[in-house]
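Enquirer: Sequence and predicted structure are below.
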Amino acid sequence: MSYQADIKLIQSFKPEDYSEIEKVFKAFDKNKNGLMEREEFLDLLHALGYRELKQEDADTLMEGVDIKDPSKMTFTEFLNVMKKITNKEGKIQLDSFVNKAGKAMVRVSKGDNGMQFQTFSEEERTAYVKVINSSLADDPVCKKYLPIDPESNEVFDRIKDGVLLCKLINKAQEGTIDERVINKKENMNIFQQVENLNLAISAAKSIGLNCIGLNYDAIMDGKNYIMVLGLMWQVVKLVVMRNIQLKHHPELIRLLNPGEQLSDLLKLSPEQLLLRWFNYHLKAANYDKKITNFSGDVKDSEKYTILLNQLNKNLCDKSALNESDRKKRAKKVIDNSKKLGAESYITPDDIVAGNNKLNTLFVASIFNAYPGLEPATEEEMYEAAKLLDDDVEGAREERAFRMWINSLGLNDDNGEPIHINNLYEESKDGLLLLRTLEKIKPGCVNWKIVDKKPNNPFKKTVNCQEVIEASKKSKYQIIGIGGGDIRDGNKKYILAIVWQMMRAHSLQVIGNKTEEELVAWGNERVDDEYKVKSLKDKKLATSLYFIHIMKSIEPRSINWDIVVTDKDDDEAKQNNAKYAISIARKLGATVFLVWEDIAEVKSKLLLTLLASIYEVGANYKPRV
């Protein structure tokens, strides 16, 4: 049988899509009377290929369509629902709707190629765009891209050539990308755009962001808005929170709890510091409640009102507490924050909805504008500086190893992403190292004896001893290292274990080649004057060995006007090392070292650089 429907409604679908829709509906029309059970709508969507949808999504789709019978759906009603997901041309369709939590979402669907279905938050996209507009407003290179309309999806087009992403990453962590390498000219070709996007993605990985599964195609072709927004959130968060650390705000020492030391502050993430800061001011205002999150605990705006008043009683009154309407109360909170000079990335609806991401950005912007902490004394600043400047070379290694671990995409037992801020402190209970060991060599950890919530020194020691046993199974050299050394945060031994994991992983992804084989491969690709004997060869300090290898992979990637070939002084070494790192990232290599590691010939990290370049060379496909 065939179903009757308005011809214009039928013509709104591609013929092949309509045929498939009718066929599937017929299968669910069990009585052959042109009706299907509404409770089976989700099953029907799954049959059409929308397998990622849940009941909540199915209910949301039906909400916007006039369906008369609460238990059944006609073919015409069904077509009107499907019209929201696909369109005649099969192009990407953006369909705004409000989910059950009152959150404005954008639905991304595609009429062909399996009819992809994605949703993302309009509010979050809007906030991220506001951060981009404000943080890059003074950059002359970005003027042709800005401002971006925060209320539309314009941002996805503006980032396609990679320039804005590269600039934003450098704003998040200064000097990550050598800006001489960014292609900036008008009317860039595909090759140049791909270079920029590879550079941005690889640089994001190098500062510990999770980019698993993201490549330049997803950004250029608009295939995965969700993944792109995921990257955007991580970068934007770093931009807004980049100064929320002891190095930039020694007065954060005021947040120490009784019995804690400065080192305890170093292991806290910016979000954790913000929670402490918020509660510090609530306590100072004699307010008897604390917050444990930036979602449900702040959605009534009461604690925001107390915080802002405590920061500046002259500018921020507490009149919002007299307002019963939560949205109006939130509006007063935002108005007060602006009086303190805070950037407004949030709306009253976002506060009332308890949007964790946007409230986190809001609290960070308040802190950045008005910390309200008593300045550190000279003695306190000296102690903080001593702690931060201790063992510069070890600090560089710690950073590289930490960023590498962050890039692995590890999750905790609740499925939440793991992001570490201090390798030494966060290794003390053994869990981080065990998860990393398991990632590199699945099955090496005996999880039966591991305590997932080690709340005393004995349990932590048991976990740390399992780190030693798992390291032995992985054939790492751990002579003289015991579980107690890890529990005590011994920097030398923790770095030794993590380095062996990083080395194994770097070689694992290129087929377990040896260091000698990698050096030989590199020597085959360079002229005799650049060949080296090993990764301890002092000739490597000029970076010319690496630059010439990359030239052999993609000659167009090198601008020889930038490379210094006739000098080997410190300035030339710095120039070439920064350039080499960014060229490697431009080709798609994931690099965790910094320029000093090349100039000082740190052989361990040079191995990871060469392995990453080898991986790119083995898989490189030139683009026109």
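Expert: Received it, and whenever you're ready, just let me know what you need.
Enquirer: All the helices of the stretch 151-300 of the chain, residue numbers only.
Expert: 154-158, 163-172, 190-206, 216-220, 225-241, 262-266, 270-284 (DSSP state H, counting those that start in this stretch).
Enquirer: now the ones you listed in TSV, with distance to residue 77 and mean pLDDT?
Expert: For every residue, glycine as well, the C-beta is placed using N, CA and C. Compiled in TSV, these are given as follows (distance: least, CB to CB, whole Å; pLDDT from 0 to 100):
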stretch	distance to residue 77	mean pLDDT
helix 154-158	32	91
helix 163-172	43	96
helix 190-206	43	93
helix 216-220	35	88
helix 225-241	29	91
helix 262-266	59	78
helix 270-284	45	96
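Enquirer: Those helices: which one's closest to residue 487?
Expert: Nearest to residue 487, of all the helices of the stretch 151-300 of the chain, is helix 262-266, at 14.6 Å by CB to CB.
Enquirer: then the closest one to CSV, C-alphas only?
Expert: This file holds the C-alpha atoms of helix 262-266, laid out as CSV (Å, rounded to 0.1, in the frame of the first residue of the first chain):
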residue,chain,number,x,y,z
LEU,A,262,52.4,25.7,48.8
SER,A,263,53.0,22.5,46.9
ASP,A,264,49.4,21.5,47.7
LEU,A,265,48.2,24.5,45.7
LEU,A,266,50.3,23.5,42.7
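Enquirer: Could you save the helices of the stretch 151-300 of the chain as JSON lines and add columns showing distance to residue 564?
Expert: Converted to JSON lines, these look like this (distance: least, CB to CB, whole Å):
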{"stretch": "helix 154-158", "distance to residue 564": "34"}
{"stretch": "helix 163-172", "distance to residue 564": "22"}
{"stretch": "helix 190-206", "distance to residue 564": "21"}
{"stretch": "helix 216-220", "distance to residue 564": "29"}
{"stretch": "helix 225-241", "distance to residue 564": "31"}
{"stretch": "helix 262-266", "distance to residue 564": "37"}
{"stretch": "helix 270-284", "distance to residue 564": "37"}
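Enquirer: Can you tell me the centre-most residue of this structure?
Expert: Nearest to the geometric centre of the chain sits residue 234, at 3.4 Å (CA atoms, centre = their mean).
Enquirer: Of the helices of the stretch 151-300 of the chain, give the one that comes closest to residue 379.
Expert: Once the helices of the stretch 151-300 of the chain are compared by CB to CB, helix 262-266 is nearest, at 12.0 Å.
Enquirer: starting at the chain centroid, how far to that closest one?
Expert: Distance of helix 262-266 from the chain centroid (CA atoms, centre = their mean, to the nearest Å) equals 24 Å.
Enquirer: Check stretch 15-31 too.
Expert: In terms of CA atoms, centre = their mean, the centre of stretch 15-31 is found 41 Å from the chain centre.
Enquirer: Let's see that stretch as PDB, backbone CA atoms only.
Expert: The C-alpha atoms that make up stretch 15-31 are tabulated as PDB, following Å, rounded to 0.1, in the frame of the first residue of the first chain:
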ATOM      1  CA  PRO A  15      12.900  10.800  -3.700                       C
ATOM      2  CA  GLU A  16      15.200   8.100  -2.400                       C
ATOM      3  CA  ASP A  17      14.800   9.400   1.200                       C
ATOM      4  CA  TYR A  18      11.000   9.500   0.900                       C
ATOM      5  CA  SER A  19      11.000   5.900  -0.400                       C
ATOM      6  CA  GLU A  20      13.100   4.700   2.600                       C
ATOM      7  CA  ILE A  21      10.900   6.700   5.100                       C
ATOM      8  CA  GLU A  22       7.700   5.300   3.600                       C
ATOM      9  CA  LYS A  23       9.100   1.700   3.600                       C
ATOM     10  CA  VAL A  24      10.100   1.900   7.300                       C
ATOM     11  CA  PHE A  25       6.900   3.500   8.400                       C
ATOM     12  CA  LYS A  26       5.000   0.700   6.600                       C
ATOM     13  CA  ALA A  27       6.900  -1.800   8.700                       C
ATOM     14  CA  PHE A  28       5.700  -0.100  11.900                       C
ATOM     15  CA  ASP A  29       2.100   0.200  10.600                       C
ATOM     16  CA  LYS A  30       1.200  -3.200  12.000                       C
ATOM     17  CA  ASN A  31      -2.600  -2.800  11.300                       C
END
